[in-house]
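[1] Sequence and predicted structure, then a few things I'm wondering about:
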Amino acid sequence: MIKRIQFTKMHGAGNDYIYVDTTRYPVTNPEKKAIEWSAYHTGIGSDGLVLIGTSDKADFSMRIFNADGSEAMMCGNASRCIGKYLFEYGLTGRTVITLDTLSGIKILKLNVENETVTAVTVDMGEPSETGIIDFSDTYSYVSTKVSMGNPHLVTFVEDINGINLQKIGPELENNPLFPDRTNVEFAQVLDDHKIRMRVWERGSGITQACGTGACATAVAAVIRGKAGRKSAIIMDGGTLTIEWDEKTNHVFMTGPATKVFDGTIETEE
């Protein structure tokens, strides 16, 4: 049987996903759909698939599947886009929304102007599992691991343009030190409040931006004494403002969310 599913393609700083309201359009086998729909030449084209649903613990829920079909625990850029989607499509009139994710409940604060969501701040919670990993024998790097509900490996370099991310990204993602794989960020500190970052996302490869990766980079910069607690993280697709609040130990991420287009896709059930 052929089933039609309405979707919206959105991006946060260039990190693009396919969004489906599963209360109206249930999606079966999302792992397979994420692979098929994310393909740029034969599908819709995206970094993955995001399912918006109900929750008995929060206002709404989010499930996110990478372009390779693996399920992610959290995505900062996707959570901001969900905030915009929920408000502008009339699913809620609230400007503070709780979102149930696999890495816990996140709080979204919407900046609304003329009924349009111009930016979203997400309380990403506390970073955890931080530590230093010495790769000097293999890569001449000393890296910092940070969990933002999902694993990250942040490496600071003098010249980010000299990094062959296509080669080293998958090597580090699949390093035996990370049995569940890891996201990989390379960062260059420009000044005390400005950092340039590039990312290899676990399950998706090189992407234009990564919200949790930006948070992990800002946290790593503080841990390594390279930047202050509030930084602009400049990525290929745009810039996010990250603040690691000393009082609460929570990380707050602020940035845009952009609708690209609505569409309908046919799928065989």
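    That came in fine, so what should we check first? These numbers were taken from a predicted model, which means no experiment stands behind them.
[2] Can you name the residues bridging to the closest residue in space to residue 256 that isn't next to it in sequence?
    Spatially, and ignoring its direct neighbours in sequence, residue 256 is nearest to residue 119 (5.6 Å; C-beta to C-beta, 6 or more residues apart in numbering). Backbone N, C-alpha and C define where each C-beta goes, glycine included. Residue 119 forms beta bridges with residue 111, as assigned by DSSP bridges.
[3] so who does residue 119 touch?
    By C-beta atoms under 8 Å, 6 or more residues apart in numbering, the contact set of residue 119 is 80, 110, 111, 254, 255, 256, 257.
[4] can you tell me which of those are in strands?
    Counting by DSSP state E, the contacts of residue 119 place 110, 111, 254, 255 in strands.
[5] With neighbour count as added columns, please give these in JSON lines.
    Formatted as JSON lines, the ones in strands among the contacts of residue 119 follow (neighbours: other C-beta atoms under 10 Å):
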{"residue": "110", "neighbour count": "21"}
{"residue": "111", "neighbour count": "14"}
{"residue": "254", "neighbour count": "15"}
{"residue": "255", "neighbour count": "25"}
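[6] Tell me which stretches of this protein form helices.
    Applying DSSP state H to the chain gives helices spanning 30-38, 76-88, 165-173, 211-223.
[7] relative orientation of the second one and helix 211-223 in degrees?
    Helix 76-88 and helix 211-223 meet at an angle of 130 degrees, taking axes from the mean of the first three to the mean of the last three C-alpha atoms, to 10 degrees as the criterion.
[8] so which pair among the ones in strands among the contacts of residue 119 is furthest apart in space?
    Distance extremes for those: the farthest pair is 110 and 255 at 12.3 Å, using C-beta to C-beta.
[9] which neighbours do those two share?
    Common neighbours of residue 110 and residue 255, counting by C-beta under 8 Å, 6+ apart, are 119, 120.
[10] contacting residues for residue 14?
    For residue 14, the contact set (C-beta under 8 Å, 6+ apart) comprises 207, 208, 209, 235, 236, 237, 238.
[11] Generate a PyMOL selection restricted to the buried entries among the residues you listed.
    PyMOL command restricting these to the buried ones, with burial defined by 16 or more other C-beta atoms under 10 Å:
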select buried, resi 207+208+209+235+237+238
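[12] Out of the contacts of residue 14, list just those in strands.
    207, 235, 238.
[13] between those residues, which is closest to residue 215?
    For these, the nearest to residue 215 is residue 235 (12.0 Å; C-beta to C-beta).
[14] So for residue 190, which of the helices of the chain sits nearest?
    That would be helix 211-223 among the helices of the chain, by C-beta to C-beta, at 10.9 Å.
[15] where does this protein have low pLDDT?
    Filtered on pLDDT under 70, the chain yields no residues whatsoever.
[16] Spatially central, which residue of it would that be?
    residue 75 (3.2 Å; C-alpha atoms, centre = their mean).
[17] Next one: that one from residue 148, what distance?
    Separation of residue 75 from residue 148 (C-beta to C-beta, to the nearest Å) stands at 10 Å.
[18] can you pull up the bridge partners for the residue lying closest to residue 197 once chain neighbours are set aside?
    Spatial nearest neighbour of residue 197, chain neighbours left out: residue 187 (4.5 Å); criterion: C-beta to C-beta, 6+ apart. Under DSSP bridges, the beta-bridge partners of residue 187 are residue 156, residue 197.
[19] Name all residues that make contact with residue 187.
    Residue 187 makes contact with 154, 155, 156, 157, 160, 195, 196, 197, 198, 217, 220, 221 under the criterion C-beta under 8 Å, 6+ apart.
[20] surely the fourth one meets residue 163?
    Yes: the pair residue 157 and residue 163 qualifies as a contact (C-beta atoms under 8 Å) at a distance of 6.3 Å.
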